[in-house]
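Asker: mind folding the following:
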Amino acid sequence: MNRILKKGLNNSLTKIIPVLLMVTFILGCKPQNEKPEENRADKRPNILFIAIDDLRPELGAYGSEIAITPHMDALAADGLLFNNAYCQEAICSPSRASVMTGGRPETIKVIENFTYFRDVNPDIITLPQHLISKGYETTYTGKIFHPGYTDEEKSWSRKAYSGPDVPPMPERVRGYVLPENQEMFRKNREEVIAKYGVNAPRNGLGKGPSYEFADAPDNTYEDGHNTDLAIATMKEMAKNDKPFFLGLGYKKPHLEWIAPKKYWDLYEGKDITITPQTEGPKDGASMGLHASFELRARADIPNYGNIEVEQAKNLKRAYLATVSYVDAQIGKMLAALEKAGFKENTIVMLWSDHGWHLGDMGIWGKATNYEIATRVPLIVSTPNMPEAVRGTKTDALVELVDMYPTICDLAGVNIPEHVEGQSFKPLLTDPNRKWKDAVFMQFPSPALREWAANPLSKGMRETSFGRLIEDVENRIKNQQGDKWERDLFENRLMGYSMRTEDYRFTLWKDYTDPKAEPIFFELYDHRKDPHETVNIAGDNPEIVAKLLAQFNRGWKGNLAL
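Answerer: Predicted structure coming up:
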């Protein structure tokens, strides 16, 4: 049995037992290399870059008592797990654009899902683009950039595999396999467009159910298919002498939660509990939490009011089931990497673009500045990692924007001047060394934005979301009083959050005016309140002043020495 799987099994055997039969082909005999890596002329490391959508650190390796994730746990047992990794913005496109360009959301002017980073940064050099210039071959399958903004011409040197070994997926509606769910989606979408016409929200109502688990093979759904494509593509790349950067992007556990039924069945009889934290922070920012718009858009979710306990448990089960589905695909990819002879010279970097509230603080979704939405899993395994480091964890504060310079550092190429992260390569040999004093993230007024972070459309107010919007608007007015101004709160208000070892500090201000004073502060003491239940800013002006000075030093003023 190979080293990764052996360590992972030792660390999480009780969780793996239910899935042993499902992954026998991975846990079997030690595979034989198809092409030894040492035969390649260019000895620089390959990079397997695994991106997972909407995955909070709900993994066995991160302490989850219920998540069945043997392959990600095994990767952590063979690498370094980052306990305190944070995205730059808890929404898909800004987070991914930041990762891939090395610039922070406000720097690259991408703070919502509908701005293409090339439109506002035509000459910026992406990570794979930079690697191409240094002799790497780069390609991807699945979701790496946000869909529609995949930068095909500049960032990728070749297309993914296209041949008979991986037949194209059949056309489907919204990814559903079951005909009744496809029909539900069509019908609901047609009704919304007929009712609201051009004002129908781009991401509003008119959707299918929140989850589906059909009795079907893994590659019937998109993430399984893309894993097959990635493996076939890797085999093609084995034929040339260039090192490769292979992006493998998984869309689950993003809504809708859809996967083969066997992953839903993994959690049969499990005691799935929901969070007891069903309210937002005491004295927290009234504009800091939204009304779960993204989940409520699904056909089986109440448009208004609470989600009942039993439904909440099923939703969490569906989320976990898709996490286990993705985990199985990752196991398949890692086994293929070893079989192809690439494992001993490949950097594996696994990350998620942001976290997700599963009822935490009373909401479902991403799109906040709180710990649960901004903290992400990050696991890194490198060929030359000291054995003493493998299977350990670091509490160092790191950011997703740090991945670009780290990969450059590990690949032995220069780091472009525009990059705004810091290479965490030193942590891969010394995980306990002193590191950054703080990390930074942001999100524009979640309560009065659509879940794609764009300002509210007319259509959002016309649908059943209108009542939800009125509720959150009244909540803001009651708290903010004479500070209320519609244009500010809907279009110009940004929450800037800074995480230090002990605190989360968030300030709210007009992002279009650099000289604008903050209108509200949030302060959470993670030594006493790790779930951020009470905003203590009002009672601690000295700490607020100290953290504000630290915040004003910016990311450059908080780097590791």
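
Asker: separation between residue 260 and residue 266?
Answerer: Distance, residue 260 to residue 266, by CB to CB, to the nearest Å: 10 Å. Quick note: C-beta positions are derived from backbone N, CA and C, even for glycine.

Asker: now residue 545
Answerer: The gap separating residue 545 from residue 266 is 50 Å, by CB to CB.

Asker: cool, and residue 452?
Answerer: 31 Å.

Asker: repeat for residue 431
Answerer: Look at residue 431 and residue 266: by CB to CB, they are 32 Å apart.

Asker: cool, residue 105 as well?
Answerer: Look at residue 105 and residue 266: by CB to CB, they are 36 Å apart.

Asker: these two: which has the busier surroundings?
Answerer: Taking other CB atoms under 10 Å, residue 105 and residue 266 do not tie; residue 105 has more neighbours (28 against 20).

Asker: so that one touches residue 444, yeah?
Answerer: No - taking contacts as CB atoms under 8 Å, residue 105 lies outside contact range of residue 444: 9.6 Å.

Asker: what sits against the closest residue to residue 134 other than its chain neighbours?
Answerer: Distances taken as CB to CB, 6 or more residues apart in numbering put residue 413 closest to residue 134, at 4.4 Å, once the chain neighbours are dropped. By CB atoms under 8 Å, 6 or more residues apart in numbering, the residues touching residue 413 are 130-131, 134.

Asker: which members of the residues you listed are classed as buried?
Answerer: By neighbour count, with 16 or more other CB atoms under 10 Å, these hold 130-131 as buried.

Asker: Serialize the contacts of residue 413 to CSV and add fields for secondary structure.
Answerer: CSV is the format used below for the contacts of residue 413 (DSSP: H, G, I helix; E, B strand; the rest coil):
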residue, secondary structure
130, helix
131, helix
134, coil
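
Asker: and the contacts of residue 413, which is closest to residue 114?
Answerer: Using CB to CB, residue 130 comes nearest to residue 114 of the contacts of residue 413, at 25.9 Å.

Asker: rewinding a little: tell me the SS of the residue nearest to residue 134?
Answerer: Secondary structure state of residue 413, per three-state DSSP, is coil.

Asker: any idea how far residue 423 is from it?
Answerer: Using CB to CB, residue 413 is found at 11 Å from residue 423.

Asker: so which bits of stretch 458-476 are buried?
Answerer: Quick answer for stretch 458-476 (16+ other CB under 10 Å): 459-460, 462-463, 465, 468-469, 472-473, 475-476.

Asker: ok, stretch 429-437 next?
Answerer: So, applying 16+ other CB under 10 Å, buried residues of stretch 429-437: 431, 435-437.

Asker: quick one: end-to-end length of that stretch, please.
Answerer: Start to finish, the residues bounding stretch 429-437 are 20 Å apart (CA to CA, to the nearest Å).

Asker: what segments of the stretch 1-150 of the chain are strands?
Answerer: According to DSSP state E, counting those that start in this stretch, the stretch 1-150 of the chain carries its strands in the segments 46-52, 80-86, 137-142.

Asker: in its sheet, what does the first one sit against?
Answerer: When you say that, I think you mean strand 46-52. If you go by DSSP bridges, strand 46-52 pairs up with strand 244-250 (parallel), strand 346-352 (parallel).

Asker: can you put these in JSON lines and add distance to residue 58?
Answerer: Output for the strands paired with strand 46-52, formatted as JSON lines (distance: least, CB to CB, whole Å):
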{"stretch": "strand 244-250", "distance to residue 58": "14"}
{"stretch": "strand 346-352", "distance to residue 58": "10"}
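
Asker: most tightly surrounded among these?
Answerer: strand 244-250 (a mean of 25; mean count of other CB atoms under 10 Å).

Asker: between that one and strand 137-142, how big is the angle?
Answerer: 10 degrees (axes from the mean of the first three to the mean of the last three CA atoms, to 10 degrees).

Asker: what lies in contact with strand 244-250?
Answerer: Against strand 244-250 from outside (CB under 8 Å, 6+ apart): 46-53, 127-128, 131, 136-144, 223, 226-227, 230, 233-234, 237, 326, 329-330, 333, 407.

Asker: same question for stretch 156-172.
Answerer: Contacting residues not belonging to stretch 156-172 are listed as 128, 132, 136-141, 150, 182, 222, 225, 228-230, 232-233, 235-237 [CB under 8 Å, 6+ apart].

Asker: and residue 441, its phi and psi?
Answerer: The phi/psi pair for residue 441 (degrees, to the nearest 10) reads phi -150, psi 170.

Asker: kindly report the same for the one 10 residues further on.
Answerer: Per-residue torsions, residue 451: phi -70, psi -10 (degrees, to the nearest 10).

Asker: would you check how far apart it and residue 500 are?
Answerer: 28 Å.

Asker: which of those two has more residues huddled nearby?
Answerer: For residue 451 versus residue 500, the count of surrounding residues by other CB under 10 Å is larger for residue 451: 23 against 17.

Asker: quick one: contacts for the closest residue to that one other than its chain neighbours?
Answerer: Of all residues not flanking residue 451 in the chain, residue 294 sits nearest, at 4.0 Å (CB to CB, 6+ apart). By CB under 8 Å, 6+ apart, the contact list for residue 294 reads 203, 255, 364-367, 451.

Asker: cutoff 7 Å now
Answerer: Counting by CB atoms under 7 Å, 6 or more residues apart in numbering, residue 294 makes contact with 255, 365, 451.

Asker: same check on residue 260?
Answerer: By CB under 7 Å, 6+ apart, the neighbours of residue 260 are 213-214, 216-218, 220-221, 325.

Asker: with residue 290 instead?
Answerer: By CB under 7 Å, 6+ apart, the neighbours of residue 290 are 363, 365, 367, 446-447, 451.

Asker: look at it and report its pLDDT.
Answerer: The per-residue pLDDT reported for residue 290 equals 96.

Asker: ramachandran angles for it?
Answerer: phi -100, psi -170.

Asker: for it, which non-adjacent residue is spatially closest?
Answerer: The shortest distance from residue 290 to any non-neighbouring residue, by CB to CB, 6+ apart, is to residue 446 (4.4 Å).

Asker: burial count for the one you found?
Answerer: Using other CB under 10 Å, residue 446 has 29 neighbouring residues.

Asker: now do residue 194
Answerer: 10.

Asker: what's the helix or strand for it?
Answerer: Following DSSP states H and E, one finds residue 194 within helix 179-196.

Asker: and that helix, what other elements does it pack with?
Answerer: Judged by 3 or more CB pairs under 7 Å, 6 or more residues apart in numbering; DSSP states H and E, helix 179-196 has no packing partners among the helices and strands.

Asker: how about the strands in the stretch 151-300 of the chain?
Answerer: Using DSSP E, counting those that start in this stretch, strands in the stretch 151-300 of the chain cover 211-214, 244-250, 257-260.

Asker: to residue 392, which of these lies closest?
Answerer: Closest to residue 392 of the strands of the stretch 151-300 of the chain, according to CB to CB: strand 244-250, at 24.7 Å.

Asker: CA atoms of that closest one as PDB?
Answerer: The C-alpha trace of strand 244-250 is given here as PDB (Å, rounded to 0.1, in the frame of the first residue of the first chain):
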ATOM      1  CA  PHE A 244       3.200  20.300 -16.200                       C
ATOM      2  CA  PHE A 245       0.800  22.400 -14.200                       C
ATOM      3  CA  LEU A 246      -2.500  20.500 -14.100                       C
ATOM      4  CA  GLY A 247      -5.500  22.300 -12.700                       C
ATOM      5  CA  LEU A 248      -8.300  20.000 -11.500                       C
ATOM      6  CA  GLY A 249     -11.300  21.900 -10.400                       C
ATOM      7  CA  TYR A 250     -14.300  20.400  -8.600                       C
END
